[in-house]
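1. One predicted model, sequence on top.
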Amino acid sequence: MLRRDYLVRMIEDMTEILGKVFALKQEKKSVEARTELDELYKRHFRLNAQLLGTLSAKDIVQMFRTGGEIEADKLQSLARLLKEEGDLLASSGEPDEGISRWLKSLHLYLTSALSGADRSLWDWEDKIAELRSLLQDYRLPAETGRLVFRYEEQEGRFDQAENVLFRLLEEEEISKDEGLAFYQRLLRLPPERLEAGGLPEEEVREGLAELESRF
């Protein structure tokens with residue numbers, strides 16, 4: 001309960017400042033807006049924008065790992081700020097830096113979603129969808145692509161997971177064994193669950209056969 005209260009207070013503070021950041025962005029005051037975000041990084045995560053710009057997404061995740069478990073809700077909160085910073089950078093003439101922040105934000109959101117993050121805190125499903133749309137013309141890092149595959153399966157969108165799987169296989173960013181394990185997991189599910197996930201049992205077996213023949 002105390003943990004939940006802390007998170008709620010943190011999010012209330014972040015939401016208030018993000019409202020201020022939005023107003024500054026509308027006024028074309030990007031420097032002031034980024035200063036506000038930097039203060040949030042420092043206040044709630046003991047980090048700063050410069051350091052976050054140099055760290056890889058994987059390194060950032062490691063900083064939120066305690067006792068072998070990921071602090072999923074803090075991680076998704078940081079992802080929210082990185083997304084906002086990416087928007088600011090992209091709209092103020094630094095598109096490459098903006099894309100870099102979006103990629104890190106997506107990786108952090110996916111990791112938190114796969115680690116039991118509270119969906120109600122920042123509505124990470126919508127944020128993940130928005131980031132994937134923003135990055136649709138860019139090739140995701142291999143580790144992020146693998147997270148997308150796992151995420152689609154977790155969310156029960158088996159047809160989408162299969163699409164991601166074959167793309168990763170073609171790019172040699174995932175092993176055939178992992179693909180086989182995916183189909184084996186699906187074949188243990190009830191037919192109605194597969195139907196709901198857009199991949200009926202017959203198509204699961206077809207996909208498995210294609211995997212065996214192509215790879």
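-> Perfect, thanks for sending it.
2. domain assignment for this protein?
-> The chain breaks down by automatic domain parsing into domains covering 1-138, 141-215.
3. Give the buried residues for the helix or strand containing residue 182.
-> Of the helices and strands defined by DSSP states H and E, residue 182 is found in helix 176-187. With burial defined by 16 or more other CB atoms under 10 Å, the residues of helix 176-187 counted as buried are 179, 182-183, 186. In this view, the C-beta of every residue, glycine as well, is placed from N, C-alpha and C.
4. need those in JSON lines with pLDDT and distance to residue 78, can you?
-> Shown next, in JSON lines, are the buried residues of helix 176-187 (pLDDT from 0 to 100; distance: CB to CB, whole Å):
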{"residue": "179", "pLDDT": "97", "distance to residue 78": "32"}
{"residue": "182", "pLDDT": "98", "distance to residue 78": "29"}
{"residue": "183", "pLDDT": "98", "distance to residue 78": "35"}
{"residue": "186", "pLDDT": "98", "distance to residue 78": "33"}
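5. about what we covered before: which stretch in the domains of the chain is the model least sure about?
-> Ranked by mean pLDDT, the domains of the chain bottom out at domain 1-138, with a mean of 93.
6. hmm, who's touching the longest helix along the chain?
-> In the chain, assigned by DSSP state H, the helix with the most residues is helix 2-26. The contact list for helix 2-26, computed with CB atoms under 8 Å, 6 or more residues apart in numbering, reads 30, 32-33, 36-37, 39-40, 43-44, 73-74, 77, 80-81, 84, 87-88, 91, 118, 121-122.
7. what ranges do the strands span in this structure?
-> For the chain, the strands defined by DSSP state E cover 65-66, 69-70.
8. can you give me the helices in the protein?
-> According to DSSP H, the helices that the chain contains are 2-26, 30-45, 49-54, 57-63, 72-91, 95-113, 119-122, 124-134, 142-154, 158-170, 176-187, 191-196, 201-214.
9. Please put the alpha-carbon coordinates of the third one into PDB.
-> Pointing back at helix 49-54 there. Output of helix 49-54 as PDB, limited to C-alpha atoms (Å, rounded to 0.1, in the frame of the first residue of the first chain):
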ATOM      1  CA  ALA A  49      19.000  14.100 -19.400                       C
ATOM      2  CA  GLN A  50      22.600  14.100 -20.400                       C
ATOM      3  CA  LEU A  51      23.300  10.800 -18.800                       C
ATOM      4  CA  LEU A  52      20.100   9.200 -20.100                       C
ATOM      5  CA  GLY A  53      21.100  10.300 -23.600                       C
ATOM      6  CA  THR A  54      24.400   8.300 -23.400                       C
END
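10. Go through that helix and flag the buried ones.
-> Going by 16+ other CB under 10 Å, helix 49-54 has these buried residues: 49, 52.
11. centre of the chain versus it, how much separation?
-> 18 Å (CA atoms, centre = their mean, to the nearest Å).
12. helices and strands around that helix, which ones?
-> Contact here means 3 or more CB pairs under 8 Å, 6 or more residues apart in numbering; DSSP states H and E; on that basis helix 49-54 packs against helix 30-45, helix 95-113.
13. one more time with 6 Å, if that's ok
-> Applying 3 or more CB pairs under 6 Å, 6 or more residues apart in numbering; DSSP states H and E, we find helix 49-54 packed against no helix or strand.
14. Show me what that helix is in contact with.
-> 38, 41 (CB atoms under 6 Å, 6 or more residues apart in numbering).
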